[in-house]
Structures are given as C-alpha cells and as structure tokens.
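Engineer: Any chance you could fold what I've pasted below:
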Amino acid sequence: MRDLPRRSVLSLLGAAGLAGVPGVAAAQPSPSAPPPGTAAAEVPSAGATALAPPPGGWRRVAEDVRAETRWAWRSYVDKAFGHDQIKPVSGGFEEFFVPGHPMGLTVVEALDTLWLMELDAEFAEGVRWVKANLNFDVNASFQVFETNIRMLGGLLSAYHVSNDRALLDLARDLGNRLLPAFTKSPTGIPYRYVNLRTGAVSQPETNLAETGTYITEFGSLSNWTGDRRYYNAAKKALQVTFDKRTAYDLLPWDVHAETGAWRNRIATVGPPADSYYEYLWDGWHLFGDRDLKRWWDVLLGGILRNQTDVVGGRLWFAQVDAFTGRRASRTQSELAAFLGGLLAESGDIARGRAYHDSWTAVQDRYGVLPEGIDYTSLRPTSVGNQLRPEYADGAFFLWLATRDEIYRERAYRHYQEMKRTSRTNHGYTILTDVTTGAKGDFCPGYWWSEQLKYYWLIFGAARRFDYTRHYLSTEGNIFLGARR
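Structural biologist: Alright, predicted model coming up:
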C-alpha cells in the first residue's frame, strides 16, 4: 500500500525516527511510481466487483468478531490459562517453546488485540498474568525468530497500547537475552537458537526469515529504551545477506550464520524467506532508514524481473534458481498470500490486487485455503490449514490502500468459512484437510494476534486504531497507531 500499510506501516511521515543511528533519516512518503519489473500491461487486472454489505452492515460483523474473541478467550482462561496454546477440541493445552514449561504465549499474543477490541477486562486479566508470572530466566534454548516476533513483539505492542512500564521492562530483559544470537555470530547473522539463561547459541544453519525479521521489534525497543544495540544488530543481519545477493538481485533462502555462505540456490517469496522482504519495507516506513529502502528496491526489482509468472491470467511468483534465474517450482505457500498487501503498501496497487485475485480463486475453490498449492492447477500440495491469517491480512491492507469494498467482502467470506469449519468445543482449531473439513486439535498463538485483529480492523471502524498512521508487524503487533 502506498498510502496505508500492511503487517506494515502507513504513511509514517515523521513517525518515530531513530535519532543518532547512522543511515537513519526521517521517514519519507513512498514513491508514487510502481517498482521496477514487469510492465503494468503484463499484470492481470481485477475483474471482481463488490457485493452488498451483509445484513446489519459491517459494524454488526465486527461485533460478532468481538463476541467470538471474548468467547474463545474465556475458554482459554478456563481450560489453559498461562499455557502457550489451548487444544480447543479436547480442552487440553500444550507448550510452544519448551515442553513442560509454559510461557503464556497465547496471553502475550492476545493482549493488543483485546485492547483494540475494547475488551478491557480481558486485557487487564492478561496483563495481570504477565506481571505475576512471566519470567525469561529459563535454562533452555528458544528459537530466536519465533521468540522475537511473538513474545518480544507482543510485549512491545502491549506496552504501546497501555504505557505500562513493567511490560517494557520485560521486553528489554528479553531483548537482552536474545542479543547473544547476533553478537556471538562471526558474521552478525543470528543463530537460530539461544539459551535465555546462559546465552549459549546453537544451530547456525538458518534461513532468510530467521535472519531478517527483527528490525521493527528491535528498532522499537531501541526507540523506547534509548539503547541502539538492538537496532544495529538487526540491521547488520539484514545487510550481510543483502550484500551476498546474486547477479540476478536474488537471495537464496538457506544460509549459514557462521560463514555467511549460501546453502542452497532457490529464491522464493514464501517461507522461509517471506518476512525478510517485508521487514526491509517496514523498517523504511517505521524508521525512515534509506538503506533499507534501497535494499528493498533492489531485491523487489529482482523478484519482479525473475519470479513473476502469469498462469491462466493469474499472477504468481515462481521459485527460481537465484544464480541463473531459471524456474525451479510453480508451487506457492499460503503464507505468501500476504504479499498482495505488501505490494500495495509499497505503491504497486495493480500487482497487489492481481496477486490477491489469484488467491481469491483458491478461496473460491476450497472455501478455506490449503497450506500450499500447485498454481498451474490450483491443486493442493498440502491440504491442511493452520488457521492462517495471510489472506485476511492482504485484504485488510488492500482495503486500506483502495477503500474498495471487495476486500471487505473477501475478508467476510474468509471469516465465515473459519466459523463454519474451525469453531469447536472450546475455541477455534486448525484443519488437517480443507477438502474434507477434518479438524485437528490446536489453536496457534498467532491466531490471537493476527487473524482476529485483521477482521476487527477491516469490519469495525475501530476507535482505538489510527487508520492513517500506524504500523502492524509481521505478527500483527501494533507498534504505532494506538489511540488511547
């Protein structure tokens, strides 16, 4: 989106600049010209038209989202409070980071969503649990990427909406425990795991997403504490891999943290690379860092020149050999569906629309998006659905960029299908097969931070959200735009 952003920013002109950080200037408006790559005439055009709003209008839909959130929260509190994730079919629970050691992941992920929905009693309940129970002095290895986007991001967004200093203190403690993954690396590319008590690092075999998805969390922590170490570490990790791009301006996704050497040849816009590109754009918008904008322009140009693939009039992005540009696979992960919104944020609304149209064809066929597809046939390559938010995410940010009601309609269909297929005894669960409707017994923490939030914001005219100046992270956490 050009005007308003995605799991990313809106126009953050003059937002929160990182004063004193080299290369960081005040944020600037996005360029109006489309990014380099395929000519506009090659981009499929959207042919869909918006339908009538649902009975009672969008506000009634938003209130239904709010009611479902409150019901699911009460089920979580009753059955699994403090545990990382509820098992909504059986009423059990499970931990995400360390077996047998709950970290309250769902609580932390839900906080800013509860606040935005004005579920103030539930928000206060969650904050009380965090203050009384959350402790990061754990002698165990934590995945740095997941801990950053979920736990650090959740605490930072809860601080942003509440100004409760205890939440920022917890975030700073966690940030300090994550830093050794960066500072102990010979290249600055973070190790995948760090022991939160000892600082011991492990698993240098990593990927783009797990090396480059830190700048907005670490940068916000730097802004709010005055400690620039976090921002500098995150930016260095991005630069090391950018500087190793191929002659095609592409990045393979598999990299070694200790040597910086590529471990494969494949470039993809999906996992495990997706949020690396997202955070280049996000860091430019949130902090005005011109280096990040330049890196984004270069790499997006490489993607558009080499990965664009139009099949049956639909826009997709092939996986290609980063060293030759040759196509390697015509499959696509559902997680890549966020890219429609990100393209629109960055000024390329035409491609953003076209890519979301492509995923809409998949939703039209299956109701609920499968985890992966062969885009030449739209047949699933993985039939499950992990309560994914990316399609709703793209719809929200395309709606912000265009105010076209078709994106509300698409999000509404997404919400209805989720209620029809995933609502169960004690909340919402994943599907093991979208073609049969078979259910699993698991509700991921990100469902609370992302999907529910996107629904509320696109349907609700939320009073606590600034629709013209905001930032949402890759995990949907709000670091800018809370209206207290």
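Engineer: What spatial separation is found between S329 and P180?
Structural biologist: Note on S329: its distance to P180, by Cβ to Cβ, to the nearest Å, is 36 Å. For glycine as for every other residue, the C-beta is placed from the backbone atoms N, C-alpha and C.
Engineer: the more surrounded of those two?
Structural biologist: P180 (19 against 13; other Cβ atoms under 10 Å).
Engineer: Which residue is the nearest non-sequential neighbour of the more buried one?
Structural biologist: Nearest non-adjacent residue to P180, counting by Cβ to Cβ, 6 or more residues apart in numbering: G199, 4.0 Å away.
Engineer: who touches the one you found in this structure?
Structural biologist: R177, P180, K184 (Cβ atoms under 8 Å, 6 or more residues apart in numbering).
Engineer: what comes up buried for stretch 312-332?
Structural biologist: Residues of stretch 312-332 classed as buried by neighbour count (16 or more other Cβ atoms under 10 Å): 314-322, 325, 330-332.
Engineer: any chance of those in JSON lines, with pLDDT and secondary structure too?
Structural biologist: Shown next, in JSON lines, are the buried residues of stretch 312-332 (pLDDT from 0 to 100; DSSP: H, G, I helix; E, B strand; the rest coil):
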{"residue": "R314", "pLDDT": "98", "secondary structure": "strand"}
{"residue": "L315", "pLDDT": "98", "secondary structure": "strand"}
{"residue": "W316", "pLDDT": "98", "secondary structure": "strand"}
{"residue": "F317", "pLDDT": "98", "secondary structure": "strand"}
{"residue": "A318", "pLDDT": "98", "secondary structure": "coil"}
{"residue": "Q319", "pLDDT": "98", "secondary structure": "strand"}
{"residue": "V320", "pLDDT": "98", "secondary structure": "strand"}
{"residue": "D321", "pLDDT": "98", "secondary structure": "strand"}
{"residue": "A322", "pLDDT": "98", "secondary structure": "coil"}
{"residue": "G325", "pLDDT": "98", "secondary structure": "coil"}
{"residue": "R330", "pLDDT": "98", "secondary structure": "coil"}
{"residue": "T331", "pLDDT": "98", "secondary structure": "strand"}
{"residue": "Q332", "pLDDT": "98", "secondary structure": "strand"}
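Engineer: Can you lay out those as a markdown table showing distance to I478?
Structural biologist: Below are the buried residues of stretch 312-332 laid out as a markdown table (distance: Cβ to Cβ, whole Å):
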| residue | distance to I478 |
| --- | --- |
| R314 | 32 |
| L315 | 30 |
| W316 | 31 |
| F317 | 28 |
| A318 | 34 |
| Q319 | 32 |
| V320 | 35 |
| D321 | 38 |
| A322 | 34 |
| G325 | 38 |
| R330 | 36 |
| T331 | 33 |
| Q332 | 28 |
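Engineer: Greatest separation within the residues you listed: which pair is it?
Structural biologist: R314 and A322 (23.8 Å; Cβ to Cβ).
Engineer: quick one: D78 and K293, what's the gap?
Structural biologist: Look at D78 and K293: by Cβ to Cβ, they are 47 Å apart.
Engineer: Can you name the next helix or strand after the longest helix seen in the chain?
Structural biologist: The longest helix of the chain (DSSP state H) is helix 57-80. Using DSSP states H and E, the next helix or strand after helix 57-80 towards the C-terminus is strand 85-87.
Engineer: What pairs with that next one, parallel or antiparallel?
Structural biologist: strand 92-94 (antiparallel) (DSSP bridges).
Engineer: what pLDDT, on average, does the partner strand get?
Structural biologist: The pLDDT scores in strand 92-94 average 98.
Engineer: next one: that strand to chain centre, how far?
Structural biologist: In terms of Cα atoms, centre = their mean, to the nearest Å, the centre of strand 92-94 is found 24 Å from the chain centre.
Engineer: Also stretch 449-463?
Structural biologist: 15 Å.
Engineer: what residue ranges in the stretch 251-400 of the chain score low on pLDDT?
Structural biologist: Along the stretch 251-400 of the chain, no part satisfies pLDDT under 70.
Engineer: What segments of it are strands?
Structural biologist: Along the stretch 251-400 of the chain, the segments classed as strands by DSSP state E, counting those that start in this stretch run 254-256, 266-267, 308-311, 314-317, 319-321, 327-329, 331-333, 372-374, 379-382.
Engineer: What helices and strands are in contact with the shortest one?
Structural biologist: Strand 266-267 sits against helix 290-306, strand 319-321, with contacts defined as 3 or more Cβ pairs under 8 Å, 6 or more residues apart in numbering; DSSP states H and E.
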